[in-house]
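K.L.:
Mind looking at a prediction? Sequence and model below.
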Amino acid sequence: MSENIFEVENLSLHYLGRFGDKTHAVTDVSFNMKQGEILGIAGESGCGKSTLVSGLMGMCIPPLYPTSGDVRVRGESLMNRTVEDIRSNVLAQKVSMIPQGAFNALNPVRKIKDIAADVIAAHQKPGSSMKASEIYERLRSRFDLFGMDTDRVLNSFPIQLTAGERQRSVIGISTLLNPQMVIADEPTSALDVSTQKEVIKMIFDLLDKGIFSTMIFITHELPLLYHVADNIAIMYAGEIVEKGTAEQVVKDPRHPYTKALMGAMLSSEKSQRTRKPVAIEGAPPSLAKKIVGCRFAERCSFARPECKKNTQNIRMVGDREVRCEYAQ
Amino acid sequence: MLSNKSIVFSAKNISKTFGAGKKITTAVNNVSFDIYDGEIISIVGGSGCGKSVLAKIMLGLYGPSKGKFHYNGKKITNLKKHWNDVQSVFQDPFSCFNQFFTIRSQLEDAFNILKKKPSKEEIKRRVDEGLLAVNVTPSDIEGKYSFELSGGQMQRMLLARIFALRPKVLIADEPTSMVDACVRANILDYLMKLKEELQMTIVFITHDIGLANYVSDRIFIMHDGMIVNSGTPEEVLDNTRETHTLKLLDDIPEVHKKEWIKNSHRSKNKEAS
């Protein structure tokens, strides 16, 4: 068991509304990750991807509350701990996050080097005070790995950098303390295709150099995920509906939702060009109410009448997990 | 083939610069093109290539610094009159709606721009029609505000406004970059519907050449403020040696692509034949 670096067990999270109403954003998510694994999580907007990220870091800041379940990094539980405890003992060292909008993550009135120096200074062991020059030296040697113009980037304000440089700086700052786990929440969705490729290249580079090895990569772009991840989990309305290797999920989807999601993808490949993308009609169910039966039944083209009554559980189809009792 | 159609936009050697002296930035550099009636044109390029500035020139929000830019053979002078014919859809739908008014009232207010404003009943009918065209039941958004809807629904509201107003030309500036893949296919379908049902001329701006290929009659590839390649999707995608086009094609992550990222032990499809 000890070889699992990251374990998530039946994690459920809910938002508490002003009038005591609960929105169950994440329901019953379980997975284990081994050292060196990249897990991709995909799903449409509003399916609970970003809420799951908060839960995985143990950062349950009200109105978000854990309902049940556990998250463990190398056996150490992250649940039911204070935010201060998580901030000083877990974030950046054990679990680190690459946020979605790089521009919102960087303080606009401080230079990149000052923002990065804060991360090092905040996580120093008590008693060992590093000199400012030492910190900057360490920063410089780390940023040199990224293939950027180190001096210029470190001495710039966020607004002076291009979107790609900003995102790469954020990745650099997130991984400064060699975290055991990195969670990337849509790191490339605000970028154009060429910059996206540069950022992915940099992430691969850091993986190859051993700065970090285990990563959860979240996006709604399945073809991108195919190239990045080893395993892919598809989320729908707060649940994981299918989980398998990247090859299995993308090339041979079994759950009706994954099939529909792949059908909605466009491709510029010559052989695929005549295929018309089919959008999934309808909207995901509201998570504020209790849902009976399969959550995808309303939009599923293979749905049977009993789908709306029977709650679906994860079952194994071959060596992958699918949440549909009729999937072959 | 298109020569019998009338020219909507014509640009002759237009440039747009910002700043002056040493800090001068050329956003659009000596660009010439004609856009014909009823076409869907895609302008494709990476961020900062000047495609949004070109869109703003078409909307009349910027005048070109150099060169001639004509709409229907005339210079754009009266903006209110120009916007009777030319309307736009932008990237971020939330910044296009006021949070303090209902969506319905804002869709109806959009008719204020028209020179001949229809009667109240007519406006109501046309807004309903617009909403139905984007598969939204009018009663669903009755009394709703922009923050109550999801990003995909809001992007549809912007398109509903276009279906209701029925301008002659639509400038769509990255309408799909903020929405996820399932909604993206929807939005592209609505653009095609606008062209087929209302014979609208559409300028579609995107950074994904795959999307451009799917909807457009002609594609312009932009780089550093210049149009470096143009033609029908087949010409641009299949028979090109132009480096920027090839790079854009190469950068799209595709499932069938061999070694999307080179020289990394994590690359997939390495040995695939």
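P.N.:
Received, thanks.
K.L.:
contact partners of the helix-or-strand element of chain A with minimal mean pLDDT?
P.N.:
Lowest on mean pLDDT, DSSP states H and E among the helices and strands of chain A sits helix A:102-105, with a mean of 79. Contacting residues not belonging to helix A:102-105 are listed as A:99, A:158, A:163, A:166, A:167, A:169, A:170, A:190 [Cβ atoms under 8 Å, 6 or more residues apart in numbering or on different chains]. All C-beta atoms are positioned from the backbone trio N, CA, C, and that covers glycine.
K.L.:
List the buried residues of the helix or strand containing residue B:105.
P.N.:
Taking DSSP states H and E as the definition, residue B:105 sits inside helix B:103-109. For helix B:103-109, the neighbour count (16 or more other Cβ atoms under 10 Å in any protein chain shown) marks B:103, B:104, B:106, B:107, B:108 as buried.
K.L.:
For the last one, give me the pLDDT.
P.N.:
In this case it means residue B:108. The model reports residue B:108 with a pLDDT of 92.
K.L.:
residue ranges of the strands in the stretch 101-250 of chain B, please?
P.N.:
Ranges of strands in the stretch 101-250 of chain B, per DSSP state E, counting those that start in this stretch, are B:169-173, B:201-206, B:218-223, B:226-231.
K.L.:
Relative to the whole chain's centre, how far out is the second one?
P.N.:
Mean-position distance between strand B:201-206 and its chain equals 4 Å (Cα atoms, centre = their mean, to the nearest Å).
K.L.:
Name every strand pairing with that strand and say which way it goes.
P.N.:
If you go by DSSP bridges, strand B:201-206 pairs up with strand B:40-44 (parallel), strand B:169-173 (parallel).
K.L.:
Pick the most deeply packed of those strands.
P.N.:
Ranked by mean neighbour count, those are led by strand B:40-44 with a mean of 26 (mean count of other Cβ atoms under 10 Å in any protein chain shown).
K.L.:
and the angle for that one with strand B:218-223?
P.N.:
Interaxial angle, strand B:40-44 versus strand B:218-223 (axes from the mean of the first three to the mean of the last three Cα atoms, to 10 degrees): 20 degrees.
K.L.:
Between strand B:226-231 and strand B:40-44, find me the angle.
P.N.:
Using the same axes, to 10 degrees: strand B:40-44 against strand B:226-231 is 140 degrees.
K.L.:
So what touches strand B:40-44?
P.N.:
With Cβ under 8 Å, 6+ apart as the criterion, strand B:40-44 contacts B:35, B:51, B:54-55, B:191-192, B:195, B:201-209, B:211-212, B:215-222, B:248.
K.L.:
and what of stretch A:238-248?
P.N.:
For stretch A:238-248, contacts defined as Cβ under 8 Å, 6+ apart pick out A:24-31, A:40, A:47-48, A:51, A:225-226, A:229-235, A:249, A:253-255, A:257-258, A:287, A:295-296, A:314, A:318-324, B:268.
K.L.:
what does the average pLDDT come to for that stretch?
P.N.:
91.
K.L.:
buried stuff in it?
P.N.:
Here stretch A:238-248 shows A:238, A:239, A:240, A:241, A:242, A:243, A:244, A:246, A:248 as buried, counting by 16+ other Cβ under 10 Å.
K.L.:
again with stretch A:218-228
P.N.:
By 16+ other Cβ under 10 Å, the buried positions in stretch A:218-228 come out as A:218, A:219, A:220, A:221, A:222, A:223, A:224, A:225, A:226, A:227, A:228.
K.L.:
and what of stretch B:120-138?
P.N.:
Those would be B:123, B:126, B:127, B:128, B:130, B:131, B:133, B:134, B:136, B:138, for stretch B:120-138 by 16+ other Cβ under 10 Å.
K.L.:
Next: stretch B:186-197.
P.N.:
In stretch B:186-197, counting by 16+ other Cβ under 10 Å, buried: B:186, B:187, B:188, B:189, B:190, B:191, B:194, B:195.
K.L.:
Of these, which ones also sit close to chain A?
P.N.:
B:186, B:188, B:189 (Cβ under 8 Å from any Cβ of the partner chain).
K.L.:
By proximity to chain B, which residue of the stretch 51-200 of chain A wins?
P.N.:
Distances between the stretch 51-200 of chain A and chain B by Cβ to the nearest Cβ are smallest at residue A:192, namely 3.8 Å.
K.L.:
got a list of what the closest residue to that residue other than its chain neighbours touches?
P.N.:
Excluding its sequence neighbours, the residue lying closest to residue A:192 (Cβ to Cβ, 6 or more residues apart in numbering or on different chains) is residue B:207, at 3.8 Å. Residue B:207 makes contact with A:192, A:193, B:44, B:45, B:46, B:47, B:174, B:177, B:248, according to Cβ under 8 Å, 6+ apart.
K.L.:
Touching, the last one and residue A:193? I think so.
P.N.:
Yes. Using Cβ atoms under 8 Å, residue B:248 makes contact with residue A:193 at a distance of 6.6 Å.
K.L.:
hang on, the earlier thing: now the buried residues of stretch B:120-138 in TSV, with distance to chain A and pLDDT?
P.N.:
Shown next, in TSV, are the buried residues of stretch B:120-138 (distance: Cβ to the nearest Cβ, whole Å; pLDDT from 0 to 100):
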residue	distance to chain A	pLDDT
B:123	27	94
B:126	24	93
B:127	21	94
B:128	20	93
B:130	19	92
B:131	15	92
B:133	15	89
B:134	12	88
B:136	11	86
B:138	16	88
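K.L.:
Pull out the buried residues from stretch A:295-302.
P.N.:
In terms of neighbour count (16+ other Cβ under 10 Å), stretch A:295-302 has its buried residues at A:295, A:296, A:297, A:298, A:299, A:300.
K.L.:
same question, stretch A:101-117
P.N.:
Per 16+ other Cβ under 10 Å, stretch A:101-117 contains these buried residues: A:101, A:102, A:105, A:106, A:111, A:112, A:113, A:115, A:116, A:117.
K.L.:
how deep is residue A:77 tucked in, by neighbour count?
P.N.:
Residues near residue A:77, counting by other Cβ atoms under 10 Å in any protein chain shown, number 13.
K.L.:
Against chain A, how distant is residue B:120?
P.N.:
31 Å (Cβ to the nearest Cβ, to the nearest Å).
K.L.:
who's in contact with that residue?
P.N.:
Going by Cβ under 8 Å, 6+ apart, the list of residues near residue B:120 is empty.
K.L.:
so which pair among the buried residues of helix B:103-109 is furthest apart in space?
P.N.:
Using Cβ to Cβ, those span at most 9.8 Å, a distance reached by B:103 and B:108.
K.L.:
Can you select the buried ones from the contacts of helix A:102-105 in ChimeraX?
P.N.:
Those of the contacts of helix A:102-105 that count as buried under 16+ other Cβ under 10 Å are selected in ChimeraX with:
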select /A:99,158,163,166,167,169,170,190
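K.L.:
pLDDT weak spots in chain A?
P.N.:
A:1-2, A:268-274 (pLDDT under 70).
K.L.:
Which parts of it are strands?
P.N.:
For chain A, applying DSSP state E gives strands covering A:4-16, A:22-34, A:38-42, A:64-73, A:76-77, A:95-98, A:181-185, A:214-219, A:231-236, A:239-245, A:315-317, A:320-322.
K.L.:
Can you lay out those as a markdown table showing distance to residue B:76?
P.N.:
Shown next, in a markdown table, are these (distance: least, Cβ to Cβ, whole Å):
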| stretch | distance to residue B:76 |
| --- | --- |
| strand A:4-16 | 48 |
| strand A:22-34 | 48 |
| strand A:38-42 | 44 |
| strand A:64-73 | 50 |
| strand A:76-77 | 64 |
| strand A:95-98 | 44 |
| strand A:181-185 | 43 |
| strand A:214-219 | 40 |
| strand A:231-236 | 47 |
| strand A:239-245 | 51 |
| strand A:315-317 | 60 |
| strand A:320-322 | 56 |
